[in-house]
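Participant: Sequence plus the predicted model coming up.
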Amino acid sequence: MTETVRSTRYPIDGRAQRIMAAAFTEFSRRGIRDARMSVIARRAGVSLATLRQYFPTTDELFREVIRSTLVRLILQPGEPGTPAPDQPTTDRIRGFMRQFWQSMEEPDQATLLRISLSELSGYPELAVFHATEVIGRAVSRLEAVLRDGVRRGEVQPIDVRTAARVILAALITYAVWFASPGVYGELTGPDRHRAKEAVIDLLVRAAGGAAA
């Protein structure tokens, strides 16, 4: 974990937690440019002066909100892991995809995805941290499953590194689409479960399928 993202100079007490929760909502709705500190203060139940004692600028507040959210997502239980090695490889791949899809549907994760698409390009250290510590960890786990499947002869020989990244990119794209049904509803359709299983089935086949 990079020192830039891990460390914070802000006091994290009850009021700071309320401020960051309110700010997360405001940033997700309006983005950093249109977010209003007065609205954040009101939602957090503090005065604007108190908010600025904790976070003097909108930019500093945004950095701390995203930093803390990223760290929480990494440390929270239920993070997609590597399925049990005694299962057939295709079952392990499906299990991983379902776990990852479920994690992407968590409210904070879905919000963070939307924010990352529109805002993180202006915050390189946060963008790199998100890519390496959140997405990168999932890619590494999936690579391990695919590599083991090739070794066992249960999956056709493939470029494991590329396959893992293509699979995660597809899953993340669908997560973004489902998080904004008003925009992408025509692409996803109304049946989330059916779409999820169809996507997972296609990706398992594309990842190499069962070896002959």
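Facilitator: Nice, I can see it.
Participant: For the protein, which residue occupies the most central location?
Facilitator: In the chain, the centroid-proximal residue (Cα atoms, centre = their mean) is residue 109; its distance is 4.8 Å.
Participant: Kindly confirm whether my reading is correct that that one touches residue 103.
Facilitator: Yes. Residue 109 lies in contact with residue 103 (Cβ atoms under 8 Å); the separation is 6.0 Å. Glycine gets a C-beta too; all of them are placed from N, C-alpha and C.
Participant: Tell me the helices and strands packed up against whichever strand or helix holds the residue nearest to the centre of the chain.
Facilitator: Element membership of residue 109 [criterion: DSSP states H and E] is helix 107-118. Contact here means 3 or more Cβ pairs under 8 Å, 6 or more residues apart in numbering; DSSP states H and E; on that basis helix 107-118 packs against helix 14-34, helix 58-75, helix 89-104, helix 160-179.
Participant: just to revisit the earlier point, residues contacting the residue nearest to the centre of the chain?
Facilitator: Counting by Cβ atoms under 8 Å, 6 or more residues apart in numbering, residue 109 touches 73, 103, 175.
Participant: most neighbours, which of those?
Facilitator: residue 175 (21 neighbours; other Cβ atoms under 10 Å).
Participant: Quick check: closest non-adjacent residue to that residue.
Facilitator: Spatially, and ignoring its direct neighbours in sequence, residue 175 is nearest to residue 104 (3.6 Å; Cβ to Cβ, 6 or more residues apart in numbering).
Participant: which residues sit in contact with the one you found?
Facilitator: 110, 113, 171-172, 175.
Participant: Using CSV, lay out the residues you listed together with distance to residue 198.
Facilitator: As requested, those are exported to CSV (distance: Cβ to Cβ, whole Å):
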residue, distance to residue 198
110, 20
113, 21
171, 13
172, 17
175, 15
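Participant: Out of those, which two sit at the greatest distance?
Facilitator: Farthest pair in those (Cβ to Cβ) is 110 and 171. Separation: 12.7 Å.
Participant: That's all I had, so thanks and see you.
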